[in-house]
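1. Coordinates only, no sequence provided:
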């Protein structure tokens, strides 16, 4: 008669990782866990590293979006300043021409 065996997946590994330095006991879940016994500590450190990297990637993505928005805003302001400068140069040139004609 085949006994029900619980699959040893990431949820069980995570439960075992809750206590620092803990490792699953052999046959704890009805399976010979010798490979997992040696890999659990490694898995927990990898999982923590991946979570840290995931958070850093989220921060990098939000910073990249903010930089893009700032770049577009600054590009728009630069365009407005150039238009304003050309407008004032035209006004100055027309004022100079009028003052020369009146002399």
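-> Now that the structure is in, tell me what you want to look at. Remember, predicted model here, so these are calculated numbers, not experimental data.
2. What is the helix or strand hosting residue 73 packed up against?
-> Assigned by DSSP states H and E, residue 73 falls within helix 34-102. For helix 34-102, the packing partners by 3 or more C-beta pairs under 8 Å, 6 or more residues apart in numbering; DSSP states H and E come out as helix 10-17. Any C-beta I mention is one placed from the backbone N, CA and C, and that applies to glycine too.
3. Where does the prediction get shaky in this structure?
-> 1-41, 103 (pLDDT under 70).
4. Mind doing that once more with 90?
-> 1-49, 95-103 (pLDDT under 90).
5. Please report how far residue 94 lies from residue 87.
-> Distance, residue 94 to residue 87, by C-beta to C-beta, to the nearest Å: 11 Å.
6. Likewise for residue 46?
-> According to C-beta to C-beta, residue 46 and residue 87 sit 61 Å apart.
7. Now do the same contact list for residue 67.
-> With contact set as C-beta atoms under 8 Å, 6 or more residues apart in numbering, residue 67 has no partners.
8. What of residue 94?
-> Applying C-beta under 8 Å, 6+ apart, we find residue 94 in contact with no residue.
9. Could you check how far residue 94 is from residue 58?
-> Distance, residue 94 to residue 58, using C-beta to C-beta: 55 Å.
10. what's the answer for residue 72, then?
-> The gap separating residue 72 from residue 58 is 22 Å, by C-beta to C-beta.
11. Likewise for residue 79?
-> Applying C-beta to C-beta, the value for residue 79 to residue 58 is 32 Å.
12. Likewise for residue 69?
-> According to C-beta to C-beta, residue 69 stands 17 Å off from residue 58.
13. How about residue 97?
-> Residue 97 is 59 Å from residue 58, by C-beta to C-beta.
14. cool, residue 76 as well?
-> 28 Å.
15. Repeat that for residue 78.
-> Residue 78 sits 30 Å away from residue 58 when distances are taken as C-beta to C-beta.
16. same deal with residue 73?
-> 23 Å.
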